[in-house]
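Colleague: Predicted structure and sequence below. I'll ask about it afterward.
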Amino acid sequence: MGSGISIGEGAVWILTWFGGMLLYTLLDVAVWRRIAPGHARLLNLISVAFCMEGFLILLKTKIHFQPDLSCGVTLQGILLAAGCAAALYFLLDRFLDPLFEKMVPGSEERYQETLRSLGEAPLISFVQVCILAPFMEEILMRGFLLGGLSIRYGKAAALLLSSAVFALLHFNMVQTLSALICGVVLGLLYIRTDSVVCCITAHAGYNMISYFTTIRPVFEKS
């Protein structure tokens, strides 16, 4: 990806991944919940993992994109990633999210329903939210989109575009507003470290902190 990617090329691949998201969602709703309701969440997790793997193989086959997970990994970068994770928690979960929830109460109700749904299978939801999602989203949004767009359009434009796409893929308004800020912070981390692994570490760390401080109490009440 030495020449980078255009906005159109980036849009095509984002829409392709969106199709993968629709596929595993459709499988969950139309197939797994009907034929194996007791194991639907586990089967959905497997579907998500297969869709991720298939998409990454497609990227490698069609445009020879394969993230270098060893690039830029330093102790300083990992420590910076840990600091970003903690900062995102205090900035978003403790400060901004409560404000966003008051601004969009309907969206907050849907968000709480999602949390209660995740509480039905806490271990599986932990794997999906804290491991699979950060891994895939950082490779796609920072490694592929931000990295590729910055070659053609510069880092500032690529940062704004990748952060906006990252936010839109969260769909829920409260999550979208938070994800936009999260995307900017993670994008700046990628620009600073040139490391997808540091971004994955920060994203996973933030999700884990949120899980154990915000989501788990919802699990215990469900």
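Modeller: Ah, there it is.
Colleague: Let me know whether Phe166 touches Glu138 as I believe.
Modeller: No - between Phe166 and Glu138 there is no contact under CB atoms under 8 Å: 9.6 Å. In this view, the C-beta of every residue, glycine as well, is placed from N, C-alpha and C.
Colleague: list residues touching both of the two?
Modeller: Residues within reach of Phe166 and of Glu138 at once, by CB atoms under 8 Å, 6 or more residues apart in numbering, are Leu186.
Colleague: which other helices and strands contact the helix or strand hosting Lys102?
Modeller: Per DSSP states H and E: Lys102 is located in helix 97-103. The elements that helix 97-103 packs onto, with contact taken as 3 or more CB pairs under 8 Å, 6 or more residues apart in numbering; DSSP states H and E, are helix 105-118, helix 173-193.
Colleague: right, so of those helices, which gets closest to Cys199?
Modeller: Closest to Cys199 of these, according to CB to CB: helix 173-193, at 5.1 Å.
Colleague: which one in this protein is furthest away from the centre?
Modeller: Ile35 (28.9 Å; CA atoms, centre = their mean).
Colleague: any idea which residue sits dead centre in the chain?
Modeller: For the chain, Glu137 is the residue whose C-alpha lies nearest the centre (CA atoms, centre = their mean; 3.9 Å).
Colleague: any idea how far Leu75 is from that one?
Modeller: Separation of Glu137 from Leu75 (CB to CB, to the nearest Å): 24 Å.
Colleague: buried ones in the longest helix anywhere in the chain?
Modeller: In the chain, taking DSSP state H as the definition, the longest helix is helix 40-63. Buried positions in helix 40-63, judged by neighbour count with 16 or more other CB atoms under 10 Å: 40-41, 43-45, 47-49, 51-52, 55-56, 59.
Colleague: Give me the helices and strands touching that helix, please.
Modeller: The contact analysis (3+ CB pairs under 8 Å, 6+ apart) places helix 40-63 against helix 7-27, helix 122-127, helix 133-137.
Colleague: can you tell me the helix or strand for the closest residue in space to Ala157 that isn't next to it in sequence?
Modeller: Leaving aside its sequence neighbours, Ala157 sits nearest to Leu149 (CB to CB, 6 or more residues apart in numbering; 7.0 Å). For Leu149, the host element (DSSP H and E) is helix 147-153.
Colleague: could you point out which element follows that helix?
Modeller: Downstream of helix 147-153, the next assigned helix or strand under DSSP H and E is helix 155-168.
Colleague: how far is that next one from where the chain is centred?
Modeller: Taking CA atoms, centre = their mean, to the nearest Å, the mean C-alpha location of helix 155-168 is offset from the chain mean by 13 Å.
Colleague: what bits of this structure have low per-residue confidence?
Modeller: 1-2, 106-112, 114-115, 173, 215-222 (pLDDT under 70).
Colleague: quick one: buried residues of stretch 199-217?
Modeller: Applying 16+ other CB under 10 Å to stretch 199-217 flags 199-211, 215 as buried.
Colleague: Quick one: residues in contact with it.
Modeller: Residues from elsewhere that reach stretch 199-217, judged by CB under 8 Å, 6+ apart: 78, 80-82, 84-86, 88-89, 93, 115, 118-119, 122, 125-126, 129-131, 133-135, 137-139, 142-143, 182, 185-186, 189-190, 193.
Colleague: tell me which residues of stretch 78-93 are tucked away?
Modeller: For stretch 78-93, a neighbour-count test (16+ other CB under 10 Å) marks Ile78, Leu80, Ala81, Cys84, Ala85, Leu88, Tyr89, Leu91, Leu92, Asp93 as buried.
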